[in-house]
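[1] show me how the following folds:
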Amino acid sequence: MIVLAWYGGQDGNSGLVITLYLLAYAIGGYRKAWEGFQTLINEKELDVDLLMVVAAIGAASIGYWRDGAILIFIFSLSGALEVYTMERTNNAIESIMKLRPEEAVVICNNKERCVRVEDLKPGDLLLVKPGERIAADGFVKEGFSAVNQASITGESIPADKALATRFLPEP
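    Presented below is the predicted three-dimensional model:
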């Protein structure tokens, strides 16, 4: 709408230009204005959504229709990019969580027992056989092996772990 209004302004048709800018305001600013009003009513706070819409309306009221429409466009674009980024982040976290094993082998009183990962407690002694995924962060108490930490650190080469080394890096 902004581009159409700009082209319409070349011919001097101000009625068409203002109508197109009003459409740009409505399309780009409706959702942010609604969210801003909801925050104002429910939480009694001004937020950036409402302030941007008010700024755009202020620009229009002094004749700067295009500037207000561009402000709303940029603000709407940033919101869309934020949603896109959050969705990608959530998908990445979900794919990492799928790599986590569902069960772990706990050694208690020299006996092996299979338990759900959610039921592990700090101090549990786990048995991790070669090639198995590690169910929890911890230290190597006995033995050594190469551990694939790609899902946590992004390293493509397995890291050697031995006595008294940590399975996963410190956060």
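[2] now do the helices in this protein.
    Using DSSP state H, the helices of the chain run over 2-10, 14-43, 48-61, 65-99, 150-153.
[3] and the ones you listed as JSON lines, adding mean neighbour count and distance to L126?
    To be clear about C-beta, it is placed using only N, CA and C from the backbone, and glycine gets the same treatment. JSON lines is the format used below for the helices of the chain (neighbours: other CB atoms under 10 Å; distance: least, CB to CB, whole Å):
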{"stretch": "helix 2-10", "mean neighbour count": "15", "distance to L126": "59"}
{"stretch": "helix 14-43", "mean neighbour count": "16", "distance to L126": "46"}
{"stretch": "helix 48-61", "mean neighbour count": "17", "distance to L126": "47"}
{"stretch": "helix 65-99", "mean neighbour count": "14", "distance to L126": "17"}
{"stretch": "helix 150-153", "mean neighbour count": "14", "distance to L126": "16"}
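[4] looking at those helices, which one has the lowest mean pLDDT?
    Mean pLDDT is lowest for helix 150-153 out of the helices of the chain, coming in at a mean of 62.
[5] give me phi/psi at E102?
    phi -80, psi -30 (degrees, to the nearest 10).
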